[in-house]
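> Return atomic coordinates for the entry below.
(one chain, ligands or ions: 1)
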Amino acid sequence: MIDQNTSELEISLLLEAVYHKYGYDFRQYSKAHIRRRIINRMILSGFEDISQMQTKLLRDEISAVQLLQDLSITVTEMFRDPGFYKSMRENVIPVLKTYPFIKIWHAGCSTGEEVYSMAIILQEEGLYDRTTIYATDFNQQALKRAKEGIFSDKTMKEYTVNYHLSGGKESFSRYYTSDYDNVIMNQTLKKNIVWANHNLVTDSVFAEVHLILCRNVLIYFDKSLQNKVQNLFYDSLINGGILCLGSKENLSSMDIFKEYKVMDKKHRIFKKKY
Ligand SMILES: C[S@@+](CC[C@H](N)C(=O)[O-])C[C@H]1O[C@@H](n2cnc3c(N)ncnc32)[C@H](O)[C@@H]1O
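Residues are numbered from 1 along each chain as shown. Below is the predicted model of the structure:
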């Protein structure tokens with residue numbers, strides 16, 4: 001039966017089995033998030049109990065990929081939290097301008113909307129040609145969509161508003177071409193983006209990056225995993241490098257906080273101390 005009796009132990013055993021069989025490690029994700037998504041999948045797939053689900057997962061890789069999709073929330077948008085991007089233009093861009101070349105790591109980039117937003121700002125600020133953006137996620141389907149850069153034209157109205165609220169002065173439609181019900185992002189925005197599969201739990205550091213954006217990803221991790229991933233970011237940044245988190249994510253409760261200077265408290269922008 002699927003209810004509150006689906007115990008923590010059963011869920012832990014299921015996650016343990018998925019990790020050992022497929023290498024996907026959800027063991028330190030937030031318990032509430034995992035529980036919600038697993039129970040949802042059990043209902044959708046008609047499993048009577050968690051052991052039935054586990055048997056299916058271990059015998060059928062497609063079900064495991066489905067679970068990965070279920071546990072990976074890919075909600076995103078262009079210029080999400082416009083105030084954050086305004087602060088990016090005002091506080092972060094001037095620092096990036098001091099470097100002869102720029103490496104940016106966009107971790108947990110989902111379907112790429114935030115990456116294209118960043119590429120637009122860099123182009124407007126005359127920095128794009130000397131920048132490489134490494135955009136990573138562990139969700140292969142999301143990455144495929146990100147790389148295509150094709151989005152529904154219905155979302156463009158909202159994205160146009162976000163763009164202008166973030167300080168954008170151009171006509172937003174110059175960054176894409178329309179194609180029936182979709183828009184395709186310009187090739188000039190894509191050319192310096194390297195899309196790559198990277199799992200924040202099991203993969204290693206990116207060397208010497210100037211800026212890391214990892215927004216709305218760590219909220220799904222438990223405290224100890226958040227600390228581990230923060231160490232990964234710290235090790236990846238150059239001295240003076242900048243870390244940007246999501247509006248519900250804070251560094252102040254993390255062990256590594258003392259190694260950073262707060263650049264913008266409201267928009268969660270931090271600078272690694274020299
Ligand atoms: C809610 S989206 C955030 C997208 C974007 N950063 C934003 O703020 O709009 C969370 C993303 O984190 C990714 N993610 C979750 N766990 C991950 C992991 N262990 N390694 C890499 N990406 C992960 C998910 O696949 C998903 O695309």
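
> and residue 64, how many neighbours?
By other C-beta atoms under 10 Å, 17 other residues sit near residue 64. Placement of C-beta: from N, CA and C, glycine included.

> Settle this for me: it is touching residue 21, isn't it.
Yes: with contact defined as C-beta atoms under 8 Å, residue 64 reaches residue 21; the gap is 7.3 Å.

> what is in contact with the two at once?
residue 57 (C-beta atoms under 8 Å, 6 or more residues apart in numbering).

> who in the stretch 101-250 of the chain is up against the ligand?
108-110, 114, 137-139, 142, 199-201, 215-217, 220, 246 (C-beta under 6 Å from any ligand atom).

> Now, of those, which are buried?
Burial by neighbour count, 16 or more other C-beta atoms under 10 Å: within these this picks out 108-110, 114, 137-139, 142, 200-201, 215-217, 220, 246.

> tell me the two of those residues that are most distant?
Among these, the pair separated by the greatest distance (C-beta to C-beta) is 114 and 201, at 20.6 Å.

> who touches the closest residue to residue 77 other than its chain neighbours in this structure?
Nearest residue to residue 77, sequence neighbours excluded (C-beta to C-beta, 6 or more residues apart in numbering): residue 113, at 5.4 Å. Residues in contact with residue 113 (C-beta under 8 Å, 6+ apart) are 76, 77, 78, 80, 151, 159.

> isn't residue 195 right up against residue 145?
No: using C-beta under 8 Å, residue 195 makes no contact with residue 145, being 10.2 Å away.

> Need the nearest residue in space to the spatially most central residue of the chain, chain neighbours excluded.
The centroid of the chain falls nearest to residue 108 when counting by C-alpha atoms, centre = their mean (2.2 Å). Distance criterion C-beta to C-beta, 6+ apart; nearest residue to residue 108, sequence neighbours excluded, is residue 217 at 3.4 Å.

> Need phi/psi at that neighbour.
phi -120, psi -50 (degrees, to the nearest 10).

> Could I get the pLDDT score of it?
On the pLDDT scale, residue 217 is placed at 98.

> next one: residue 7
Reported pLDDT for residue 7: 84.

> Correct me if wrong, but residue 239 is in a helix.
No: going by DSSP: H, G, I helix; E, B strand; the rest coil, the assignment for residue 239 is strand, not a helix.

> That one touches residue 272, doesn't it?
Yes: shown here, residue 239 and residue 272 form a contact pair, counting by C-beta under 8 Å, at 6.0 Å.

> These two - which one has more neighbours?
The residue with more neighbours, out of residue 239 and residue 272, is residue 272; 19 against 9, by other C-beta under 10 Å.

> What's the separation between residue 134 and the ligand?
12 Å (C-beta to the nearest ligand atom, to the nearest Å).

> again with residue 240
For residue 240, the distance to the ligand - C-beta to the nearest ligand atom - is 23 Å.

> can you tell me which residues contact that residue?
95, 271, 272, 274.

> rerun that using 6 Å as the cut-off
Residue 240 makes contact with residue 274, according to C-beta atoms under 6 Å, 6 or more residues apart in numbering.

> swap in residue 64?
Contact partners of residue 64, counting by C-beta under 6 Å, 6+ apart, are 22, 57.

> how about 7 Å then?
18, 22, 57 (C-beta atoms under 7 Å, 6 or more residues apart in numbering).

> so what's the first one up against?
Yep, that's residue 18 we're talking about. 24, 26, 57, 64, 67.

> Show the buried residues in those residues.
Buried among the contacts of residue 18 (16+ other C-beta under 10 Å): 24, 26, 57, 64, 67.

> With distance to the ligand and pLDDT added, can I get these in CSV?
Shown next, in CSV, are the buried ones among the contacts of residue 18 (distance: C-beta to the nearest ligand atom, whole Å; pLDDT from 0 to 100):
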residue, distance to the ligand, pLDDT
24, 8, 91
26, 8, 96
57, 18, 92
64, 15, 89
67, 13, 90
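
> residues near residue 266, how many?
11.

> Show the pLDDT at it.
Looking at residue 266, its pLDDT reads 97.
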